[in-house]
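Trainee: Can you look at this prediction? I've put the sequence above it.
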Amino acid sequence: MNKDLVGKIGELDEAIFNGGIEYQYGSFIALRAGYIYDSQGDIKKPTMGAGLQYRHFLFDFAYIPSSSANKPLDNTTRLSLSVRW
């Protein structure tokens with residue numbers, strides 16, 4: 001859950017809720033699925049992602065699919081490459 005500290009602290013109607021699961025096969029591949037719920041921004045979408053690991057290199061991919069309406073975060077793709085020492 002994410003909530004701005006501006007405004008009333010006890011109200012959760014402005015909060016953004018994120019949840020998800022990850023399935024990891026060995027130490028090589030990970031598959032992710034999730035959901036984002038933002039009532040103020042009218043964003044209620046499933047999300048998906050994957051991760052690959054080869055030795056000390058990690059590649060992560062995340063995607064929020066589009067809907068029929070033009071909303072914020074439609075077709076958002078995030079990529080990252082990490083190196084572990």
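Mentor: Good, I have the coordinates. Numbering: from 1, shown residues only.
Trainee: Okay, and the beta partners of the spatially most central residue of the chain?
Mentor: Among the residues of the chain, the one closest to the centroid is Thr47, at 5.9 Å (C-alpha atoms, centre = their mean). Beta-bridge pairing for Thr47 (DSSP bridges): Gly34.
Trainee: try the one 4 residues further on
Mentor: Counting by DSSP bridges, Gly51 is bridged to Ala30, Asp60.
Trainee: Would you mind confirming that it makes contact with Ser27?
Mentor: No. Between Gly51 and Ser27 there is no contact under C-beta atoms under 8 Å: 10.5 Å. Every C-beta, even on glycine, is put in place using the N, C-alpha and C of the backbone.
Trainee: Give me the more crowded residue out of the two.
Mentor: Legend: neighbour count by other C-beta atoms under 10 Å for Gly51 and Ser27, higher for Gly51 (18 against 8).
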